[in-house]
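Engineer: Need coordinates for the below:
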Amino acid sequence: MILVYIIVFTLIGSIFSLFGSLFLLLKQKITQDFSQKLISFAAGALIATAFLDLLPEASELKEGPQIFLFSLLGFVSFFFAEKYIRLFHYHHGHGEKPSTLLVLAGDGIHNFVDGVAIAVAFLVSIPLGIVTTIAVASHEIPQEIADMGVLLANGLPKARALIFNFLSAITALIGAIAAFLLAGRIEGYLYIFLAVAAGHFIYIAASDLIPQLHEKSRGKKDIGSILIFVLGILTIYASSLIFEG
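Structural biologist: You can find the predicted model right below:
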């Protein structure tokens, strides 16, 4: 039964992100405007999921300060991955134009990690899995839209760009199923995966999404982005109360 939840909700996140990519091909201006708003929501959702769900759940499974050590290690590992390997995230709109291979490799690995995070969350509890899926989907949609924009800018035909984006999104399902199949071996270490996932979410929000919000609103008061950011936090908080209630 848990496997069904894992597959369905992982696919939900992937399908929604692919719809964003498809819509970009049809309505580019509308999609980009929507993507910017979703970035605000995703930043709040990721921060809230890390602090209100993943870390508390990890603390329930294993008491002690090592929870925060593993969260820090998760944060730092993704910092090094971006800084030196340049695979997990690349900041679009900062004067960089990643190669097609880099986009696909980075997105594939990042989706794989998201799939693992979703599966581990469901292995702990169904409510935690649902909340984690919301957070993952909210930041994957603008990310996939940005990736599609880079692929098109690199001269990739629209049909091929969409196929590559689909294949990249499927890696989330591969990561989720792999985590489920290894559930017996990692059961005693789920708190580590939750803490690392929290560090991963905090890193994405703090280093990627929030800086984009600051850059877009530079020199002006952007109340809308602030409100949507808070909405992302409140959505995760309300979801936690509803699903766990």
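
Engineer: any idea how far Ala195 is from Ala42?
Structural biologist: Per Cβ to Cβ, to the nearest Å, Ala42 is found 21 Å from Ala195. Where C-beta positions appear, they are placed from N, C-alpha and C, glycine not excepted.

Engineer: quick one: pLDDT of Leu87?
Structural biologist: Listed pLDDT for Leu87 reads 53.

Engineer: Please report the distance of the residue nearest the centre of the chain from Leu26.
Structural biologist: Geometric centre of the chain, nearest residue: Val136, 3.7 Å, by Cα atoms, centre = their mean. The gap separating Val136 from Leu26 is 24 Å, by Cβ to Cβ.

Engineer: same question, Gly20
Structural biologist: In terms of Cβ to Cβ, Gly20 sits 11 Å off from Leu26.

Engineer: State whether Lys37 and Ile228 are indeed in contact, as I suppose.
Structural biologist: Yes: counting by Cβ atoms under 8 Å, Lys37 does reach Ile228; the two are 5.7 Å apart.

Engineer: neighbour-wise, which of the two wins?
Structural biologist: Ile228 (20 against 14; other Cβ atoms under 10 Å).

Engineer: Quick one: residues contacting that one.
Structural biologist: 37, 40-41, 44 (Cβ atoms under 8 Å, 6 or more residues apart in numbering).

Engineer: That one and Phe41: what is the separation?
Structural biologist: Distance from Ile228 to Phe41, by Cβ to Cβ: 5 Å.

Engineer: next one: Ala183
Structural biologist: 31 Å.

Engineer: out of those two, which sits in the busier spot?
Structural biologist: Phe41 (24 against 16).

Engineer: Give me the nearest residue to that one, chain neighbours excluded.
Structural biologist: Leaving aside its sequence neighbours, Phe41 sits nearest to Gly232 (Cβ to Cβ, 6 or more residues apart in numbering; 4.1 Å).

Engineer: Just the buried positions in the helix or strand where that neighbour lies, please.
Structural biologist: Gly232 belongs to helix 223-244 when assigned by DSSP states H and E. Neighbour counts using 16 or more other Cβ atoms under 10 Å place 225, 228-229, 232-233, 235-237, 239-240, 243 of helix 223-244 among the buried residues.

Engineer: With stretch 100-117 instead?
Structural biologist: 100, 103-117.

Engineer: Among these, which are located in helices?
Structural biologist: Mapping the buried residues of stretch 100-117 onto helices (DSSP state H) picks out 100, 103-117.

Engineer: Can you name the element that comes right after the longest helix anywhere in the chain?
Structural biologist: In the chain, assigned by DSSP H, the helix with the most residues is helix 126-153. Following helix 126-153 in sequence order, the next helix or strand is helix 158-181 (DSSP H and E).

Engineer: Would you mind getting the angle between the helix or strand where Tyr203 lies and helix 126-153?
Structural biologist: Taking DSSP H and E as the definition, one finds Tyr203 inside helix 190-203. Note on geometry: by axes from the mean of the first three to the mean of the last three Cα atoms, to 10 degrees, helix 190-203 and helix 126-153 are set 40 degrees apart in direction.

Engineer: Alright, that wraps it up for me.
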